[in-house]
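Enquirer: Here is the input, now give the coordinates:
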Amino acid sequence: MSIKAMTWYWDNSKQEGHKLLLLLALADWSNDEGECFPGINRMAQRIRRKRRAVQIAIKELEREGELLVQPGMGRGTDGQRTSLYCLLRYRQSIAIETPPIIIEAARYYRDRSRKQGM
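Expert: Now for the predicted structure:
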């Protein structure tokens with residue numbers, strides 16, 4: 001849990017509604033570098049939204065440059081791995097640079113997994 005990340009989002013985020021709640025939940029789960037790996041069901045339960053609403057919010061936050069999603073790079077059970085979520089704006093605020101190649105690779109694998117129906 002990162003109090004630093006949560007405080008940063010309370011003080012600086014321009015998001016509203018369930019997208020802000022999702023960022024706050026991710027910040028709550030994140031380490032001090034702004035990385036976490038909760039599952040979609042857990043996020044939906046935390047922000048009191050349906051799975052699909054969480055998936056749409058994630059896609060929107062990704063498109064807006066708030067979030068980097070790395071499918072299958074998180075932890076999991078029963079052979080199922082969650083995605084790794086990086087809070088990009090928070091990371092930038094604490095001077096952690098995410099190399100562009102990492103961002104492009106994450107987008108490539110995300111798009112590939114969506115095409116394969118994963």
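
Enquirer: From now on I want contacts and neighbour counts done on CA atoms only, so please keep to that.
Expert: OK.

Enquirer: Where does the residue most central in space within the chain sit: helix, strand or coil?
Expert: Nearest to the mean C-alpha position of the chain, by C-alpha atoms, centre = their mean, lies residue 85 at 3.5 Å. Three-state assignment for residue 85 (DSSP: H, G, I helix; E, B strand; the rest coil): strand.

Enquirer: Bridged to it, which residues?
Expert: Per DSSP bridges, the residues bridged to residue 85 are residue 36, residue 69.

Enquirer: residues contacting it?
Expert: 26, 35-37, 67-70 (C-alpha atoms under 8 Å, 6 or more residues apart in numbering).

Enquirer: Residue 23: neighbouring residues, count only.
Expert: 25 (other C-alpha atoms under 10 Å).

Enquirer: element containing it?
Expert: Per DSSP states H and E: residue 23 is located in helix 17-29.

Enquirer: My read is that residue 22 contacts residue 43, right?
Expert: Yes - between residue 22 and residue 43 there is a contact at 7.2 Å, judged by C-alpha atoms under 8 Å.

Enquirer: Quick check: neighbours shared by those two?
Expert: Common neighbours of residue 22 and residue 43 (C-alpha under 8 Å, 6+ apart) are residue 54.
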